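Enquirer: Provided below for reference: sequence and predicted model.
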Amino acid sequence: MKNESLGEFEELVLLMVAAQHDEAYGVSIKDGLETSLDRDINISAIHVVLKRMEKKGFVQSRYGGITQERGGRRKKYYVITAYGKKMLDQQYAIRTSLYGNIPRINFS
């Protein structure tokens, strides 16, 4: 894989996919992010990001079984890949390093 980037919203979605390990699907990711961020998220934005991240190799998908409660439609589940986890680890290291550079500032 070439050196891919991870945008801010992609990072949030990927974190939620990892947190929901093997049970992550569009609506569960949306609900988890809305709870964590205390803001509304557009489900279409989630689906666009998931498709883009699957193309980049950050996540893999699989379909669940057909259920009557979903009108015969199947859920599409997502899991983080080793490459996706590596990208999250890199993002964490960068953010931690930058945060560590903030000097002690007294705002009183």
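Expert: Here it is on my side, so go on.
Enquirer: Quick one: mean pLDDT for the longest helix along the chain?
Expert: In the chain, taking DSSP state H as the definition, the longest helix is helix 82-100. In this model, helix 82-100 carries a mean pLDDT of 95.
Enquirer: Now do the buried residues in that helix.
Expert: 84, 87-88, 91 (16 or more other Cβ atoms under 10 Å). Bear in mind the C-beta positions are built from the backbone N, C-alpha and C, glycine included.
Enquirer: Which helix or which strand is home to F9?
Expert: F9 is located in helix 8-19, with elements delineated by DSSP states H and E.
Enquirer: relative to helix 82-100, how tilted is that helix?
Expert: Counting by axes from the mean of the first three to the mean of the last three Cα atoms, to 10 degrees, helix 8-19 lies at 120 degrees to helix 82-100.
Enquirer: burial count for A18?
Expert: Neighbour count of A18, defined by other Cβ atoms under 10 Å: 17.
Enquirer: circling back: for the buried residues of helix 82-100, could you give me JSON lines that also reports distance to G26?
Expert: Compiled in JSON lines, these are given as follows (distance: Cβ to Cβ, whole Å):
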{"residue": "G84", "distance to G26": "17"}
{"residue": "M87", "distance to G26": "21"}
{"residue": "L88", "distance to G26": "20"}
{"residue": "Q91", "distance to G26": "22"}
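Enquirer: which one among those residues gets closest to I105?
Expert: Checking the buried residues of helix 82-100 against I105 with Cβ to Cβ, the nearest one is Q91 at 24.7 Å.
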